[in-house]
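> Let's see this in three dimensions:
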Amino acid sequence: MVNFFSKKFWEERDVELYIGKLLRYGVILSSLITITGGVIYISQHPDQELNFKTFVGAPNYLRELSTLLPAVLKLDGLAIIQLGVAVLIATPVLRVAFSIIAFAIEKDRMYIVITCIVLAIILSNMIFGLEG
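Reported below is the predicted structural model:
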């Protein structure tokens with residue numbers, strides 16, 4: 001059995017290849033979710049008129065995961081589109097987290113610290129970002 005957390009495993013493989021696959025699959029998954037949500041939304045609202053004069057943001061129930069996920073389970077088209085956007089946003093964050101694991105396995109302390117700082121900045125901005 002292969003030990004995923006061994007240095008030998010990572011020496012034999014190109015970490016950038018895995019990171020590239022992570023980003024590629026994240027974007028593909030996000031696209032599929034968003035397109036599915038768009039098709040469902042259009043089928044649920046076939047007669048809705050488009051209005052490009054004023055921008056209307058997402059409804060409040062789509063702004064938090066605690067209310068977004070139940071709406072996705074109810075097959076709400078807008079909620080599924082929003083989930084696709086959330087997956088797209090999560091993809092590079094997961095890439096940074098994956099890099100921390102890779103650097104830890106390689107025992108590269110300087111890059112672990114730098115990447116942890118980057119991840120902390122990203123997460124703090126996501127959690128405590130300015131309300132607009």
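> How about the contacts made by residue 32?
Counting by C-beta atoms under 8 Å, 6 or more residues apart in numbering, residue 32 makes contact with residue 84. Bear in mind the C-beta positions are built from the backbone N, C-alpha and C, glycine included.
> after the helix or strand containing it, next one along is what?
In this structure, residue 32 sits in helix 15-44 according to DSSP states H and E. Sequence order places helix 65-73 as the next helix or strand after helix 15-44, per DSSP H and E.
> which residues touch residue 53?
Residue 53 touches nothing, counting by C-beta under 8 Å, 6+ apart.
> Per-residue pLDDT of it, please?
Residue 53 carries a pLDDT value of 86.
> Next, it: phi, psi?
Taking degrees, to the nearest 10, you get phi -70, psi -40 for the backbone angles of residue 53.
> Now residue 80: closest residue in space, sequence neighbours ignored.
Once flanking residues are discounted, residue 80 sits nearest to residue 37: 3.0 Å by C-beta to C-beta, 6 or more residues apart in numbering.
> wait, that neighbour sits on residue 75?
No - if you go by C-beta atoms under 8 Å, residue 37 and residue 75 don't touch, sitting 9.2 Å apart.
> more crowded one of the two?
Taking other C-beta atoms under 10 Å, residue 37 and residue 75 do not tie; residue 37 has more neighbours (22 against 14).
> which of the residues in the strand or helix carrying residue 95 are buried?
If you go by DSSP H and E, residue 95 is part of helix 77-105. Using 16 or more other C-beta atoms under 10 Å as the test for burial, helix 77-105 gives 77-84, 86-88, 91, 96-100, 102-103, 105.
> and the helix holding residue 32, how far from the chain's centre?
9 Å (C-alpha atoms, centre = their mean, to the nearest Å).
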